[in-house]
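Colleague: only geometry, no sequence info:
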Ligand SMILES: Nc1ncnc2c1ncn2[C@@H]1O[C@H](COP(=O)(O)OP(=O)(O)OP(=O)(O)O)[C@@H](O)[C@H]1O
Ligand SMILES: [Mg+2]
């Protein structure tokens, strides 16, 4: 990652993603441009089918562009080979999926540790890092509980801890407060404020305008395009 603070950590230039072809083609992204710097947050809103998840997947290198440019820390991802894209995805991005993607029969700490499976860490450093993260998300008292026994808000915070375990430069979250009551949603958003204060860039998809209002920047999607 470039350490130059003037280079955006993420930049899309006229990004397009089309699914299918001919009359059945869906232009999920029809020319989206955006920049996001380290430590900034962006909320993506828009109605169902407007391209929000596609945008998040493109940013997280889970989906490729049909046309346009995507630069991560100033580097055009099209110039990278598969192995380099895989490494960039693993080291740059943390994902919080709407459905958590936690393993229900493992404990909170084990789920967080899963995020580190393919990284070499001494077990002591690894445990200390996980303990620190669980403290940060307020789950220290639940570290040995199986995920199946957690509340929705606790699961969401466990998912955030797992997304942060590799110290990503960018956190991508799809409806991170979607299933939460007001207090739990506020706890997750407070957590995000701390994360961006540490220099992490945050992109979150949300249906909730109050949640969106807390972000530094907002992007409203309609039919694959950003409304001005
Ligand atoms: N893999 C795919 N193949 C074909 N069409 C797709 C694919 N992924 C997304 N689409 C289409 O692209 C459009 C945008 O989908 P996307 O999932 O990005 O919407 P969204 O804004 O996240 O919606 P929601 O709020 O319902 O989650 C939709 O019309 C969708 O059906
Ligand atoms: Mg979606």
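Modeller: Okay, I see it. Note that the structure is a prediction, hence the values are computed from the model and not measured. Ligands and ions are numbered 1, 2, ... in the order given.
Colleague: Which strand or helix spans residue 163?
Modeller: Assigned by DSSP states H and E, residue 163 belongs to helix 152-164.
Colleague: Quick one: mean pLDDT over the helix or strand following that helix.
Modeller: Per DSSP H and E, the first helix or strand lying C-terminal to helix 152-164 is strand 170-174. For strand 170-174, the mean pLDDT works out to 96.
Colleague: Mind listing residues that contact strand 170-174?
Modeller: Residues outside strand 170-174 that contact it (CB atoms under 8 Å, 6 or more residues apart in numbering): 9-10, 36, 52-53, 56, 59-60, 92-98, 160, 163-164, 192, 195, 200-205. All C-beta spots, glycine's among them, are computed from the backbone N, C-alpha and C.
Colleague: show me where this structure has strands.
Modeller: Using DSSP state E, the strands of the chain run over 10-19, 26-36, 41-46, 67-72, 75-76, 93-96, 170-174, 201-205, 217-222, 225-227.
Colleague: average pLDDT across the fifth one?
Modeller: Pointing back at strand 75-76 there. Taken as a whole, strand 75-76 has an average pLDDT of 96.
Colleague: Spit out the contact partners of residue 100.
Modeller: 155-156, 158-159.
Colleague: low-confidence ranges in the protein?
Modeller: For the chain, the stretches with pLDDT under 70 are 1-4, 117-122, 228.
Colleague: residues from it in reach of ligand 1?
Modeller: Within the chain, the positions adjacent to ligand 1 are 19-20, 26, 28, 46, 48-54 by CB under 6 Å from any ligand atom.
Colleague: Repeat the analysis, applying 5 Å as the threshold.
Modeller: 19, 26, 28, 48-54 (CB under 5 Å from any ligand atom).
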